[in-house]
Each structure stands twice: as structure tokens, then as C-alpha cells.
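> just coords:
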């Protein structure tokens with residue numbers, strides 16, 4: 001038996017290694033999930049948007065001769081910020097981050113009145129569904145070809161890949177008419193894709209969604225929503241009424257799925273140090289380029305932010321996803 005959540009975590013990691021702007025470092029799946037891979041790693045299908053900022057991989061797996069066939073779809077998150085002389089890479093990173101900030105609320109596809117979603121994320125999903133693989137078939141065509149009444153579809157993503165997974169699952173269930181019981185979604189550190197009306201619509205059409213959040217991670221709380229941890233702080237500070245009203249009107253986004261949250265006490269070293277946190281955030285926004293912000297505790301603060309968001313082996317999201325299973329131990333998510 002294999003934990004499906006750990007397998008999907010492995011798939012989410014893999015998205016950062018492939019494609020035009022992937023790391024190129026071969027990624028090996030954990031031995032505990034290798035049983036689910038009946039095809040060699042080269043058999044994965046890669047779909048990338050024309051501008052390169054969005055990427056998804058697709059697998060078709062059969063755990064055993066009598067097991068249910070499964071399609072596995074994984075969306076890549078935002079490309080990490082970095083200083084590079086590779087101008088095409090620098091350009092696509094900038095486009096990726098600008099797309100994240102393109103949080104203009106628009107009507108959800110085939111949605112009810114009042115259901116809105118993040119325009120940037122919606123555009124990314126549409127671009128990927130229309131993107132071709134190496135054989136010229138689009139992701140939508142491949143999903144339709146793999147989908148049968150017996151096939152289960154697992155969809156996952158990390159960071160930006162999380163809301164893309166949510167939107168794709170909703171569109172497959174609502175627009176394509178797929179059986180909701182056959183769609184399983186697991187996201188890690190996912191940003192938010194829509195408002196409460198969309199969340200209600202989503203849960204009516206997608207019945208199995210798990211959302212992993214590390215308590216110290218900022219990404220699961222953006223774009224801002226009524227239950228974001230930062231909204232109450234911003235509203236409590238002394239600010240002109242128009243700013244507070246703007247925050248109140250724009251903070252509409254919520255997460256979707258059954259949330260599992262775990263805290264790792266990562267901020268103990270800088271908690272209460274307003275200078276370190278302020279400089280750390282400024283350093284993050286400036287990509288650390290300003291010499292005036294080279295404060296040791298501020299750099300430590302940003303290191304913590306990175307660790308809180310990481311899905312690498314041994315980091316936070318890895319540790320909270322059924323990491324301590326003993327050989328032969330049964331997991332609630334076993335396939």
C-alpha cells in the first residue's frame with residue numbers, strides 16, 4: 001500500500017525539475033511511492049504555456065493488475081525569485097510573479113451569481129488546458145482520453161499550483177461533467193483562488209479536497225480574505241478610513257478543501273523583533289538587493305519564510321505529510 005498524499009507531494013516536487021525553465025536536476029521518487037509508477041519517468045507528459053511561466057505534468061498509473069487506473073495531474077508553483085544573467089528566465093520569473101499579483105476578481109466559469117475567482121490563476125489554467133504535449137495533443141484532450149467511468153483523477157500542486165489544481169478540478173467537474181467522486185485534490189501551501197461563494201460552488205462539485213498549510217507560511221493566506229491572519233492586523237493599525245475600506249472590500253479570497261494546519265515554531269528566533277521582521281519583508285520584496293537591508297536577523301526571517309513554504313525532503317510540508325510511517329504501516333490515504 002502507498003500513501004497517495006506522499007505520492008502527490010513527490011509529483012508536486014517533480015514539476016520544478018522539468019520543462020524549459022526547470023532545474024534540470026533529475027528527481028528521484030521516494031522508494032515508498034515507487035510502487036505507483038508503472039511507467040518510467042521519461043513517460044511523463046509535460047504541458048507548458050507558450051510564455052513558459054505555467055507548467056503541468058500528467059501521468060497515467062495502474063498500481064496493480066486489478067487496481068483502478070488513475071490519472072495524476074500536477075501543477076507547478078511560482079518560479080522562485082533569483083538573480084540570473086539568463087534573460088529569458090528572468091523575464092518568465094517576472095511574468096510569473098506579476099501573474100500572481102493579478103488578483104482581479106472575475107466571475108467563475110459557469111458559476112452562480114457572486115462566485116468570483118483570481119483572474120491570473122484562471123488565465124493560467126486555461127493556458128495549460130490548451131497547451132500541447134510533445135505529440136501535439138492538448139492537456140484537455142489527454143485528460144478526456146484518459147477519463148473513463150473507472151478512472152480516478154488525482155490533481156495536486158504546490159504554492160500557485162494549488163489554486164490551479166482547484167480551478168482545474170472544478171472545471172473538469174462542472175464544465176466537463178466528470179463524476180465528482182472520481183476527482184481527488186491534494187494541495188500543499190496553496191494560495192487562494194476564489195471567494196466564499198466560489199468555495200461553496202467548488203465543494204458542491206468537487207467532493208474530495210485536502211489542503212495542507214504550515215502555520216508560519218504566508219502563501220496560504222494570499223490573496224487576502226476575511227479569515228487571513230494578516231487582515232485583522234492591518235485593520236487594527238492606525239490608517240485612513242479609505243485604506244481600511246479598500247482592504248475590507250478587496251479581502252474576499254478563501255481557501256478551499258479540508259485544511260490540515262501544523263505549526264513548527266520557526267519564528268522563535270526573531271519573534272518580537274520588529275526591526276528584523278520589517279527589514280526581512282523589505283528584503284524579500286526587493287529580492288535582497290539593497291545593501292542597507294543586510295541585517296542578520298532579517299535574513300534569518302526570510303530564510304524562515306522559505307523553510308515554511310518548502311516541499312523539499314525534510315522540510316515542513318514533507319514532515320507533515322505522513323512522513324513517519326513505518327514499513328508496512330497502513331495510512332488513511334493508502335491506495
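Sure thing, it's come through. Worth saying up front: this structure is predicted, and the values here are computed from it rather than measured.
> name the element residue 210 belongs to?
Taking DSSP states H and E as the definition, residue 210 sits inside strand 208-214.
> show me how far that strand is from its chain's centre.
Mean-position distance between strand 208-214 and its chain equals 10 Å (CA atoms, centre = their mean, to the nearest Å).
> which strands and helices sit next to it?
Counting contacts by 3 or more CB pairs under 8 Å, 6 or more residues apart in numbering; DSSP states H and E, strand 208-214 is packed against helix 161-174, strand 183-188, strand 258-262, helix 316-319. Yep, even glycine has a C-beta here, placed from its N, CA and C like the rest.
> give me the average confidence score over it.
For strand 208-214, mean pLDDT rounds to 94.
> need the helices for the stretch 1-150 of the chain, in chain order.
Secondary structure of the stretch 1-150 of the chain (DSSP state H, counting those that start in this stretch): helices located at 4-14, 87-101, 119-129, 139-146.
> looking at those helices, which one is packed in the most?
Counting by mean count of other CB atoms under 10 Å, helix 4-14 has the highest mean neighbour count of the helices of the stretch 1-150 of the chain, with a mean of 25.
> could you list the low-pLDDT ranges of the stretch 151-300 of the chain?
227-251, 266-300 (pLDDT under 70).
> of the helices of the stretch 1-150 of the chain, which is nearest residue 156?
Ranking the helices of the stretch 1-150 of the chain by proximity to residue 156 (CB to CB) places helix 4-14 first, at 3.9 Å.
> run a quick neighbour tally on residue 212.
Number of residues near residue 212 (other CB atoms under 10 Å) recorded here: 26.
> one more: residue 216?
17.
> hmm, residue 308 and it touching each other?
Yes. Taking CB atoms under 8 Å as the definition, residue 216 is a contact partner of residue 308 at 4.0 Å.
> so what are the sheet partners of the strand holding residue 210 and their directions?
Sheet pairing of strand 208-214 (DSSP bridges) gives strand 183-188 (parallel), strand 258-262 (parallel).
> just name the most buried of those.
strand 183-188 (a mean of 28).
> what is the orientation angle of that one with helix 4-14?
Following axes from the mean of the first three to the mean of the last three CA atoms, to 10 degrees, one obtains 60 degrees for the angle between strand 183-188 and helix 4-14.
> run the angle between strand 183-188 and helix 161-174 for me.
When the same axes, to 10 degrees is applied, the directions of strand 183-188 and helix 161-174 differ by 170 degrees.
> residue 154 in helix, strand or coil?
State at residue 154, reduced to three classes by DSSP: H, G, I helix; E, B strand; the rest coil: strand.
> any idea how far the residue lying closest to residue 145 once chain neighbours are set aside is from residue 324?
Distances taken as CB to CB, 6 or more residues apart in numbering put residue 137 closest to residue 145, at 7.8 Å, once the chain neighbours are dropped. Distance from residue 137 to residue 324, counting by CB to CB, to the nearest Å: 40 Å.
> one step back: for residue 144, find the nearest of the strands paired with strand 208-214.
strand 183-188 (13.9 Å).
> and the next helix or strand past that closest one?
helix 196-205.
> so how far is that next one from its chain's centroid?
18 Å.
> what is the neighbour count of the residue nearest to residue 145?
14.
> next one: residue 254
For residue 254, the number of neighbouring residues by other CB under 10 Å comes to 19.
> same check on residue 22?
Around residue 22 there are 17 residues (other CB under 10 Å).
> got a pLDDT number for it?
pLDDT, residue 22: 78.
> could you do the one 5 residues further on as well?
The model reports residue 27 with a pLDDT of 70.
> go on, residue 104?
At residue 104, the pLDDT value in this model is 88.
> any idea how far the residue nearest to it when sequence neighbours are not counted is from residue 53?
Closest residue to residue 104 apart from its sequence neighbours, by CB to CB, 6+ apart: residue 119 at 4.2 Å. From residue 119 across to residue 53, the span is 15 Å (CB to CB).
> and for residue 173?
Residue 173 is 26 Å from residue 53, by CB to CB.
> more neighbours, the two?
residue 53 (24 against 21).
> tell me the contacts of the closest residue in space to the more buried one that isn't next to it in sequence?
In space, and not counting its chain neighbours, residue 53 is closest to residue 96: 4.2 Å by CB to CB, 6+ apart. By CB atoms under 8 Å, 6 or more residues apart in numbering, the contact set of residue 96 is 53, 54, 78, 79, 160.
> the last one contacts residue 101, correct?
The one in question is residue 160. No. Using CB under 8 Å, residue 160 is not in contact with residue 101, being 11.2 Å away.
> spit out the residues that contact those two alike.
Joint contacts of residue 160 and residue 101 (CB under 8 Å, 6+ apart) do not exist.
> rewinding a little: for residue 59, which of the helices of the stretch 1-150 of the chain is the nearest?
Closest to residue 59 of the helices of the stretch 1-150 of the chain, according to CB to CB: helix 4-14, at 7.3 Å.
> what's that closest one packed up against?
Helix 4-14 packs on strand 55-61, strand 70-75, strand 152-158, strand 183-188, going by 3+ CB pairs under 8 Å, 6+ apart.
> okay if I get those as CSV plus distance to residue 166?
Compiled in CSV, those are given as follows (distance: least, CB to CB, whole Å):
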stretch, distance to residue 166
strand 55-61, 13
strand 70-75, 10
strand 152-158, 8
strand 183-188, 7
